[in-house]
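1. Need coordinates for the following:
(2 chains)
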Amino acid sequence: MSVADRGTGTVDRNSPGDRVPVDPASIVHGMPPGHEHARDAALMVHDVTVAYDRRPVLFAIDLDVPAGCLCAVVGPNGSGKTTLLRGCLGLVPLAAGHVRMLGGQRLDQVRADVAYVPQRESVDWDFPVSVRDVVRMGRLPHRRWFGRMTAEDHRRVDEAMARVEIGDLADRQIGRLSGGQQQRVFLARALAQDARLYFMDEPFAAVDATTERAILDVLRDLRRQGRTVIAVHHDLPTVAAFFDRAILLNQRLVAYGPVDEVLTPVHLERAYGGRLVPLAAAADALRTQAGG
Amino acid sequence: MTGMPAAILHGATLVAVGTAMLGAVAGLVGVFLLLRRRALLGDALGHATLPGIALAFLVMVGLGGSGRWLPGLLLGAAATGLLGVACISLLTRTGRIRDDTAMAVVLGVFFGLGVALLGIVQRVPQAGPAGLESLIYGRAASMLREDLLWIAALATVVGLFVVALRRDLTVLCFDESFARTAGRRTIRLDLVLLALVTVATVIGLQVVGLILVVALLVIPAAAARFWTDHLGRMLITSAAIGSAGAVTGALLSASYADLPTGAVIVLVLACGYGISAVAGPARGLLARRRSGRLAARAMGSPMP
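-> As a prediction, this is how the structure comes out:
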């Protein structure tokens, strides 16, 4: 596979059944020669395999995401979307392969430049903290243990809250917010971090229309500033409208590239096993009916 | 005769200061133990101190001492307490059992081992194990001036650590994944929290005893949650409740002949919890009713 393919073209993978499971021991660690040319890529995932309890859930994922794009991660439930994010972020150990970020660096070298927006359900919203407290956490990567907030930190926190229109909720306990507002709190925390690469897990899940528009607006701003967003997204019909590129997963990489080249019926059938395509078509038809 | 009231007063002051500091620091640490959802770990840790206490006693007697030197006993308590926690972690990682199961197993086994060792202790000729009993059920009145200094010093250290690390501990408890992506070694932070809980537990042994020490850690924090939605205020409230409950309980038990201190403190704290659950302005029963009524009125439905 040429480097140009990795950066911009569509990677077309064999159907899952065609591949023998990768023996982690057989994977050679270290950079293959081709990677040198992809230095400006925001994210390089090389032959990454992740296993829970020795049972692989993600096989030999290999892709580069160029800087300054919005990239969706799509696939059926259990296809390893969240695991891919968590693997990139060092939250689950890689059984094989490696990940490089922001011009070929290891995560440890660029922590402050890499932000994470977890799934909203992953935390306890009853927790006794205010909106501002959570957004302030975004400045944590810039501080050491025992560190204090600087004037710069406070300014970034205020800006981030204003950007997603939660400034007036700053002192409210986070449990007293709507789902959409909670999602915006998480987004504001990531914005306050002022990162260059953002990993988001289902940022559009179950949010109201206002929030959806606000988040989309922020994502496009980030792209305009040359930052990169990699987001798990579950709603296939909106992928093309929201994102530039898509990673289609089903434990293996089914396809990767510009959205219109990835979300083809052939690829979708390969990822979803033929169950989804009629459903998606039906949903599309309904949408058109409702809209017209 | 004239010396007696002064001595009692002095003893009471000693007990009050010691228990107040202990209650405050247990309240502080307890907040993070609660928010980290590790309340039961405090219980397992407390029970797992018993074999350490008995072993430390035997070792000190074997070395020719009286066996009742408090710092030695507390060191033994901390050692097996931490060993118990290590076993819980080992069991959940390798044994494919859930952590609540692992805690129950370790709590039972370590406490059983401790009871067995106490049987041996009782056969040691020079020792009626009165000194040890106070560590099991709590006996604030047995506190000496030297003990107070130990409690005060350790409580101060723990308190300072909690205050200094409150932001990092907050992120750890709220969103561990985020803390890790922010470059925090959460394992280290968890170990620090564990160490703080261990010290608070160990200095609490003499006052509340190892069986009930978990209550001193958890009840003030749980009660404080009803009063505020703000973590800083929750820490202060929890420390205040812990402190007030511990002092009241200790003085009550001292003045009403020989009730075990730990038990009285827990009962006092339970009253505090009950009051908080009803009257706490943030999440208490009355506050919830009021906000429910307001919400209903806002939606235009008449209240019965």
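2. A helix includes A:Tyr256, no?
-> No - using DSSP: H, G, I helix; E, B strand; the rest coil, the assignment for A:Tyr256 is strand, not a helix.
3. Got the phi and psi for whatever residue of chain B ends up closest to chain A?
-> When you check chain B against chain A by Cβ to the nearest Cβ, the closest residue turns out to be B:Asp229, at 3.7 Å. Placement of C-beta: from N, CA and C, glycine included. B:Asp229 adopts backbone torsions of phi -100, psi 10, taken as degrees, to the nearest 10.
4. which ones are touching the residue lying closest to it once chain neighbours are set aside?
-> Computed as Cβ to Cβ, 6 or more residues apart in numbering or on different chains, the closest residue to B:Asp229 that is not its neighbour in sequence is A:Gln173, at 3.7 Å. When contacts are counted by Cβ atoms under 8 Å, 6 or more residues apart in numbering or on different chains, A:Gln173 is found next to A:128-130, B:229-230.
5. got these as TSV, with pLDDT columns?
-> As requested, those are exported to TSV (pLDDT from 0 to 100):
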residue	pLDDT
A:Pro128	93
A:Val129	93
A:Ser130	94
B:Asp229	91
B:His230	92
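6. which among the residues you listed end up buried?
-> Buried members of the contacts of A:Gln173, counted by 16 or more other Cβ atoms under 10 Å in any protein chain shown: A:128-130, B:229-230.
7. just curious, which of the residues you listed is nearest to B:Ala104?
-> When those are compared for distance to B:Ala104 (Cβ to Cβ), A:Pro128 wins out at 28.6 Å.
8. just to confirm, which helix or strand has the closest one in it?
-> Secondary-structure assignment from DSSP states H and E places A:Pro128 in no helical or strand segment.
9. I'd like to know which of the buried ones among the contacts of A:Gln173 is nearest to A:Glu269.
-> Out of the buried ones among the contacts of A:Gln173, the one with the shortest distance to A:Glu269 is A:Val129. That distance is 45.1 Å, counting by Cβ to Cβ.
10. Quick check: closest non-adjacent residue to that closest one.
-> Excluding the flanking residues, the one nearest A:Val129 by Cβ to Cβ, 6+ apart is B:Leu231, at 5.7 Å.
11. Then B:Arg283?
-> Using Cβ to Cβ, 6+ apart and skipping the chain neighbours, the partner closest in space to B:Arg283 is B:Phe226 (4.9 Å).
12. cool, B:Val115 as well?
-> Distance criterion Cβ to Cβ, 6+ apart; nearest residue to B:Val115, sequence neighbours excluded, is B:Leu50 at 7.0 Å.
13. Report how many residues lie close to the one you found.
-> By the criterion of other Cβ atoms under 10 Å in any protein chain shown, B:Leu50 has 29 neighbours.
14. was I right about it contacting B:Val213?
-> No - at 11.4 Å, B:Leu50 and B:Val213 do not qualify as touching, with contact defined as Cβ atoms under 8 Å.
15. low pLDDT regions in the stretch 51-200 of chain A?
-> Across the stretch 51-200 of chain A, residues meeting the criterion (pLDDT under 70) sit at A:144-147.
16. where do the strands sit along it?
-> Taking DSSP state E, counting those that start in this stretch as the criterion, the stretch 51-200 of chain A carries its strands at A:55-66, A:70-74, A:96-101, A:114-117, A:197-201.
17. With respect to chain B, which of those lies nearest?
-> Using Cβ to the nearest Cβ, the strands of the stretch 51-200 of chain A put strand A:114-117 closest to chain B, at 4.3 Å.
18. residues from the stretch 51-200 of chain A in reach of chain B?
-> Contact residues (Cβ under 8 Å from any Cβ of the partner chain) of the stretch 51-200 of chain A with chain B: A:86, A:89-91, A:108, A:111-112, A:114-116, A:118, A:122-124, A:127-130, A:133-134, A:137, A:140-141, A:145-146, A:173, A:175, A:189.
19. how does it look with 7 Å?
-> Contact residues of the stretch 51-200 of chain A with respect to chain B, defined by Cβ under 7 Å from any Cβ of the partner chain, are listed as A:89, A:91, A:111, A:114, A:116, A:118, A:122-123, A:127-130, A:137, A:140-141, A:145-146, A:173.
20. Burial check on A:Thr83, number of neighbours?
-> The number of residues packed around A:Thr83, counting by other Cβ under 10 Å, is 21.
21. swap that for A:Ala240, please
-> A:Ala240: 15 neighbours (other Cβ under 10 Å).
22. Go ahead and flag the most central residue of chain B.
-> For chain B, the residue whose C-alpha lies nearest the mean C-alpha position (Cα atoms, centre = their mean) is B:Leu217; its distance is 3.5 Å.
23. which residues does the closest residue to it other than its chain neighbours contact?
-> Distance criterion Cβ to Cβ, 6+ apart; nearest residue to B:Leu217, sequence neighbours excluded, is B:Gly30 at 4.0 Å. Each residue near B:Gly30 by Cβ atoms under 7 Å, 6 or more residues apart in numbering or on different chains is listed here: B:217-218, B:220-221, B:238.
24. B:Ser253 too?
-> B:140, B:259-261, B:264.
25. helix or strand right after the helix or strand where it lies?
-> Secondary structure from DSSP H and E places B:Ser253 in helix B:231-255. Toward the C-terminus, helix B:231-255 is succeeded by helix B:261-279 as the next helix or strand (DSSP H and E).
26. The helix or strand following that following helix close to chain A?
-> Sequence-wise, the next helix or strand downstream of helix B:261-279 (DSSP H and E) is helix B:285-298. No - using Cβ under 7 Å from any Cβ as the criterion, no contacts between helix B:285-298 and chain A are found, and the smallest distance is 9.6 Å.
27. Quick check: buried residues in helix B:285-298?
-> Neighbour-count burial for helix B:285-298 flags B:Ala287 (criterion: 16+ other Cβ under 10 Å).
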